[in-house]
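J.: let me see the structure of the following:
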Amino acid sequence: MTLTVTKAGLQSSIQGAPFSGLRQLAVPSGGGADMLSLALANRLVGKPLASAAIEITLGPAEFAVQRAMTIAVTGAPCQIEINDTDVEQHHAIAVAAGDRIRIGRVWAGCRAYLALSAPIAVPEVLGTQSTLMSAGFGGLEGRALADGDIIPLGDAPPGPADVMTPPELQPFFGHGFVLRFVAGPESDRLALGLSALARKRWRVSSRSSRMGLKLQGNVIDLNTNAPIQSGAVFPGIIQCPPDGLPYLIGCDGQTTGGYPRIGQVIRADRHLIGQLAPNATMLLVPVQPEQAETIFAEKMKLWADWLPGLALS
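T.: Numbering: from 1, shown residues only. Sure, this is the predicted structure:
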């Protein structure tokens, strides 16, 4: 059985668990850009939280179903239609062979996730079915989905019915975000300290992708332009290029870099980077490392009952 991509949209791809333990081989983390929304979608269709699903950037996208199963859509708010009938996000929805799924353009945020109770039957590469488009492997032929693609599906029960994410656990996405961060390894180069990042509202430029996001705002002053030795970078690292406008590393970002690493978005907030669309605004709030650990522990406690075993990297 299969799922046909009738309209792929701006960028849709198969994403699931990150690539793990391979950064020394220059393999980025990858996986779902918003692992929390991915987990919520998979929870509704009765699959492990990091199972492969379809990540849809900004929308719209359309699919044709060739078998009965259960689907769910989470992440950025958008209109969802089954055969021209509106259905809701954060609900398990039964579909039948011949049904048409339409995911509309997102109203806020950046990425929606379509989970299927039937397993997506693409090969695992380096331990995951996720697509690393910059390297051309994983997912469906290592690329974004295209109109007319046929996604193979495995056999599985239809999935649960009448399940919804509790309203108090449904994330809210607007056009403005707050991300907390700690000082980076070269934050001592900030002429005004961490306030250079914190005392302004940043806007995401059109130069944004799963690899990273260029931020627009007042130019950051460094107290030295001396070069630094290239060092490790991770999703959530904030770098300061020579133009003084920071660059925020995304899930597909490179593994090393030579620009000063002036900040690091904390682990509890890192999944939100995947919901930053062009023109979204963002406030960066500095916290201490011990605060970051407490915040993460509290977030994991919040999700423990509904999403047991949730992994936010």
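J.: for this structure, which helix is longest?
T.: If you go by DSSP state H, the chain has its longest helix at helix 289-303.
J.: which residues touch it?
T.: Residues outside helix 289-303 that contact it (C-beta atoms under 8 Å, 6 or more residues apart in numbering) are 36, 169, 180, 182, 266, 267, 268, 287, 310, 312. (Glycine included, C-beta is placed from N, CA and C.)
J.: OK, contacts around the fifth one?
T.: Put plainly, it is residue 266. Residue 266 neighbours (C-beta under 8 Å, 6+ apart): 179, 180, 181, 182, 236, 287, 292, 295, 296.
J.: what do you get for the third one?
T.: With contacts taken as C-beta under 8 Å, 6+ apart, residue 180 has the following neighbours: 265, 266, 268, 269, 284, 285, 286, 287, 292, 295.
J.: can you list the domain ranges for this structure.
T.: 2-169, 176-303 (automatic domain parsing).
J.: and among these, the most buried is which?
T.: Across the domains of the chain, averaging neighbours per residue (mean count of other C-beta atoms under 10 Å) puts domain 2-169 on top, at a mean of 20.
J.: got the end-to-end distance for that one?
T.: One end of domain 2-169 sits 32 Å from the other (C-alpha to C-alpha, to the nearest Å).
J.: residue 33 and residue 46, how far apart?
T.: 23 Å (C-beta to C-beta, to the nearest Å).
J.: over to residue 64: give its phi and psi.
T.: In terms of degrees, to the nearest 10, the main-chain angles of residue 64 are phi -120, psi 130.
J.: off-centre distance for stretch 107-117?
T.: Put simply, stretch 107-117 sits 10 Å off its chain's centre (C-alpha atoms, centre = their mean, to the nearest Å).
J.: scratch that, stretch 177-197 is what I was asking about
T.: Distance, centroid of stretch 177-197 to centroid of chain: 23 Å (C-alpha atoms, centre = their mean).
J.: next, the distance between the ends of that stretch.
T.: Stretch 177-197: ends 14 Å apart by C-alpha to C-alpha.
J.: average pLDDT for that stretch?
T.: Regarding stretch 177-197, the rounded mean pLDDT is 95.
J.: begin at 528, not 1, for the rest of this chat.
T.: Got it, the first residue is 528 from now on, which makes the last one we talked about stretch 704-724.
J.: residue 551 - that's part of a helix, no?
T.: Yes. Judged by DSSP: H, G, I helix; E, B strand; the rest coil, residue 551 forms part of a helix.
J.: from the centroid of the chain, which residue is nearest?
T.: residue 560 (1.7 Å; C-alpha atoms, centre = their mean).
J.: quick one: residue 691 from residue 638, how far?
T.: From residue 691 to residue 638 the distance is 20 Å (C-beta to C-beta).
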